[in-house]
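> Turn this into a structure:
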Amino acid sequence: MNKFQVLKYQGWAIVWTIFILILCNMKMPDSNGSGIFFEGFDKMVHLGFFFVLTIFLFYGKIRHQHNYSFRSLTIFKIILATASLGAVIEFLQWKFFTYRSAEWWDFGCDMIGVFMGVFSYILLHKSNYNEKKN
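Numbering: from 1, shown residues only. Model prediction:
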């Protein structure tokens, strides 16, 4: 199978990645006293973005395989890809989009979102496996 054929199953993940890159690097309005944002809002956004991205990546992989087979290598690749994206975003904020602040805590929240997605996948995999076994 052509390696680029795999990308057709990752459409949602690709669109979501572009969405993340745009929103994480655009200038945000000043939130002084607006009441919309609160302290830590940015961290929750990072966590949510990367949780959803991880779910989309697993969804594409499941569609590509046509089953829920559990492979540690797949999990490792998804963690590596999402960690790389998080690092690239923080690097871009540090060097190019200086109106945004690059923070280790943002990267940490990215990874918490990723591991929440991995945990969800493993939990659903176990549930699906046990249903087929009975």
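> Give the other helices and strands that the helix or strand of the chain with the lowest mean pLDDT contacts.
When each helix and strand of the chain is scored by mean pLDDT, DSSP states H and E, helix 104-133 comes last, with a mean of 85. Counting contacts by 3 or more CB pairs under 8 Å, 6 or more residues apart in numbering; DSSP states H and E, helix 104-133 packs against helix 41-65, helix 72-95. Using the backbone N, CA and C atoms, a C-beta is placed for each residue, glycine as well.
> mind listing what's buried in the shortest one?
When burial is assessed from 16 or more other CB atoms under 10 Å, helix 72-95 yields the following buried residues: 74-75, 78-79, 81-82, 85-86, 89-90, 93.
> what does the first one give?
By neighbour count with 16+ other CB under 10 Å, helix 41-65 contains the buried residues 42-43, 45-47, 49-58, 60-62.
> which residues touch stretch 69-86?
With contact meaning CB atoms under 8 Å, 6 or more residues apart in numbering, stretch 69-86 is reached by 17, 20, 46, 50, 53-54, 57-58, 61, 106-107, 110-111, 114-115, 118, 121-122, 125, 129.
> Send me it as PDB with only the CA atoms.
Only the C-alpha atoms of stretch 69-86 are listed here, as PDB (Å, rounded to 0.1, in the frame of the first residue of the first chain):
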ATOM      1  CA  SER A  69      -5.900  -3.900  17.100                       C
ATOM      2  CA  PHE A  70      -3.700  -2.800  19.900                       C
ATOM      3  CA  ARG A  71      -0.100  -2.000  18.900                       C
ATOM      4  CA  SER A  72       2.400  -0.300  21.200                       C
ATOM      5  CA  LEU A  73       4.300   1.000  18.100                       C
ATOM      6  CA  THR A  74       1.200   3.000  17.000                       C
ATOM      7  CA  ILE A  75       0.900   4.500  20.500                       C
ATOM      8  CA  PHE A  76       4.600   5.400  20.500                       C
ATOM      9  CA  LYS A  77       4.300   7.000  17.000                       C
ATOM     10  CA  ILE A  78       1.300   9.100  18.000                       C
ATOM     11  CA  ILE A  79       3.000  10.300  21.200                       C
ATOM     12  CA  LEU A  80       6.100  11.200  19.200                       C
ATOM     13  CA  ALA A  81       4.200  13.000  16.500                       C
ATOM     14  CA  THR A  82       2.100  15.000  19.000                       C
ATOM     15  CA  ALA A  83       5.100  15.800  21.200                       C
ATOM     16  CA  SER A  84       6.900  17.100  18.100                       C
ATOM     17  CA  LEU A  85       4.000  19.300  17.200                       C
ATOM     18  CA  GLY A  86       3.800  20.700  20.700                       C
END
